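Student: fold the following for me, if possible:
(chains A and B, ligands or ions: 2)
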Amino acid sequence: MQTILKTNDLTKKYDNKVVVDNLNIEIKEGEIFGLLGPNGAGKSTTMNMICDIVKPTLGNVEFMGKDFLKNRKELIGKLGYIPQDLAIHGNLKAWENVELFTSLYGIKGAELKKRIDESLEYVGLLEKKNDYAKTFSGGMKRRLNIACAIGHHPSLLIFDEPTVGIDPQSRNFILEKIKESNKNGATVIYTSHYMEEVEAICTRIAIMDNGKIIATGTGEELKKMVKDDTSSITLEEVFLTMTGKKLRDY
Amino acid sequence: MIRYLIKNNIKLMLRSGTNILLFVITPIILIAVLSSAFTDLMAHYEEDTGITVGYEIDGDSMTEELMDAIKEGADKEDFDLKEYKGADPKETLKKDDLDAFIVFEDGSYTVYRSDENKEQGKIAEYTIGKIYDRMASSMLPGEPKSELLTVEHPDFMPAVDSVDYYGIIEIVYFGWCAIICGAGLFASEKKNKITRKFKVSNLSELQIYLSRYIPIVLVVFLGTNLAALISIPLFGVHWGNIAISMVVITFSVAAASALGLMVYSIFENMAATVVVVFVMVWGCGFFGGSFETYMFAAHSQSVKILSPIYHANRALVELSCIGKSDYISSSILYDIAIILVCSFIGICAGAIRRRGGKA
Ligand SMILES: Nc1ncnc2c1ncn2[C@@H]1O[C@H](COP(=O)(O)OP(=O)(O)OP(=O)(O)O)[C@@H](O)[C@H]1O
Ligand SMILES: [Mg+2]
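Tutor: Ligands and ions are numbered 1, 2, ... in the order given. Here you go, the predicted model:
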């Protein structure tokens, strides 16, 4: 498998606080890579640096074998970023939201119309395409947020906690869709602090704490690091053993 | 590429409801209130004092017909004409307490105005000028009057009806508050961190700027021009030349939008933007005749011409009452300069802000 994304000593400091600390991760094409970590671990900051929303203090990102920032113009359209905070206009209808963001990648006319319907269909909102986003429930807004990032058919999808604050049905729906996208060829980076989710869909998991990756592997491998008998331990226990029980969001 | 962005931004602005109404309804209400409040004041300026004008004919420059017309016109406008022979204009002005003194020469005339009764002098000058022009052109129909007579027009301001004045001025003033129209868009962009997502695309800073600028100009353009059109049947505002007036208003709106957007790009905060823009626009309006009619305001001309609102006001008012104005081009050029400078600063401010990692 080819490497699609690689970070080299990626570091972010705010004032003198190191938020992401010399991060080196490598993601292969076709993976669903899970980034697991408590609140404030630096997951979103890492994703923002990968997408060039936040400039790293040090280090760089290689995407599809090229330095991302140096080849930004060519590569940016291959990224699909689903932000943790909903990025949709409440006063626009569902289809208008998708139109706005999909058109940013140079898609227009009949093709744009097709992509809008396709994206909405994908997240199960086609029937609601003419409804204002502000009238949507939390789960529907999350799904619309996803629809806004997939219309340009990106090769790497970055989901930053796409399931916060939604019910099990919506969550299950979104997880299924992520798996489906992956089957259709997209590589996925998925951040969360929900163990079961990550265990259910990710092919590889990295545990992040205080800006550092403290362990990487499949679910099984991570469990083995803590206990030989992997059947008697959950990923949550692994997580708590590795990151400690102290509250993080201080 | 930004076609769809512009389209959706327009929708966002229009859907934020009230602030669009503001642009059509508020000026209309203000025209009604201000014009009626100032009707008496304006009437005072127009008629009040019996205006007395002295005149002298140099040589045989005047035909009887022309003189008759001037006398008749003066009668209609309710002011007295006194003929002098061999008098010194300046001294006579003072001595006989005249409002103006006119010397008719070959093919032209010179107006002397009293320092004390400035306004009456201006009105007299304007009236005589109009009669003179009309007569001159009717004597030789078809020929441009300028070939027949060289009429000197010193810097005078015609008297204008208060409905016309305030009708015109309020619409310009509201056009300058254009940035308010963007409030709905900006609030939604900010709350939902939309520009953060723009960074995950090839959208340039210029495109982000245009995706805001063009919708604001379009919406305010529609609002102000609609208000201008509504003012005709509703109040009977005379625009003189509505097409040229609309061009002047449109440039004004484009400049106002650039100014507002520049301030917003610097602060990225609507409340701060509103305060700063209102103070600036109020200042320009204060010196530009938006509150007190500029012809009677005490500010010196050199202060007035700094205000872009003054240029637009004067261009439009003169279009309304004399059908032409030297201020049309100065108004438009001033607006273009504002558009270029403010857009440049606005784009740079946005780039600096976004490069700093804040979205
Ligand atoms: N713009 C900023 N200025 C200063 N500190 C920041 C900024 N953005 C993030 N931080 C800090 O960086 C740390 C990591 O934040 P980040 O959002 O990346 O965490 P996270 O792992 O995504 O957490 P969560 O699970 O809560 O989303 C936090 O302590 C946060 O306070
Ligand atoms: Mg986060």
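Student: hey, which helix is longest across chain A?
Tutor: Ranked by residue count and defined by DSSP state H, the top helix of chain A is helix A:168-183.
Student: got it, and chain B?
Tutor: Identified as the longest helix of chain B according to DSSP H is helix B:205-235.
Student: how far does it sit from its chain's centre?
Tutor: Relative to its chain's centre, helix B:205-235 lies at 17 Å (C-alpha atoms, centre = their mean, to the nearest Å).
Student: follow-up on the earlier one: pull the residues that contact the longest helix of chain A.
Tutor: For helix A:168-183, the external contacting residues (C-beta atoms under 8 Å, 6 or more residues apart in numbering or on different chains) are A:30, A:32, A:122-124, A:139-140, A:142-143, A:146, A:150, A:157, A:159, A:162-163, A:166, A:188, A:190, A:197, A:200-201. From N, CA and C alone the C-beta is placed, and that goes for glycine too.
Student: relative to B:S290, how far out is the residue nearest the centre of chain B?
Tutor: The centre of chain B sits closest to B:N313, judged by C-alpha atoms, centre = their mean, with a distance of 0.9 Å. Separation of B:N313 from B:S290 (C-beta to C-beta, to the nearest Å) stands at 7 Å.
Student: in chain B, where is pLDDT below threshold?
Tutor: B:18-24, B:27, B:34-50, B:59-63, B:76-78, B:107, B:116-119, B:135-159, B:296, B:356-359 (pLDDT under 70).
Student: ok, back up a step: so the longest helix of chain B, near chain A or not?
Tutor: No - Helix B:205-235 is not in contact with chain A by C-beta under 8 Å from any C-beta of the partner chain; minimum separation 9.3 Å.
Student: burial count for A:M64?
Tutor: 17 (other C-beta atoms under 10 Å in any protein chain shown).
Student: same thing with B:L306?
Tutor: Using other C-beta under 10 Å, B:L306 has 14 neighbouring residues.
Student: any idea which element it lies in?
Tutor: According to DSSP states H and E, B:L306 maps onto no helix or strand at all.
Student: of the contacts of helix A:168-183, grab the buried ones for PyMOL.
Tutor: Selection of buried members from the contacts of helix A:168-183 for PyMOL, criterion 16 or more other C-beta atoms under 10 Å in any protein chain shown:
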select buried, chain A and resi 32+122+123+124+139+140+142+143+146+150+157+159+162+163+166+188+190+197+201
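Student: from the contacts of helix A:168-183, which ones fall inside helices?
Tutor: A:122, A:139-140, A:142-143, A:146, A:150, A:197, A:200-201.
Student: distance to B:T273 and pLDDT for the residues you listed - can I get that in a markdown table?
Tutor: Converted to a markdown table, the ones in helices among the contacts of helix A:168-183 look like this (distance: C-beta to C-beta, whole Å; pLDDT from 0 to 100):
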| residue | distance to B:T273 | pLDDT |
| --- | --- | --- |
| A:Y122 | 39 | 93 |
| A:G139 | 35 | 91 |
| A:M140 | 33 | 94 |
| A:R142 | 32 | 94 |
| A:R143 | 34 | 94 |
| A:I146 | 33 | 95 |
| A:I150 | 35 | 94 |
| A:E197 | 42 | 86 |
| A:A200 | 47 | 88 |
| A:I201 | 45 | 91 |
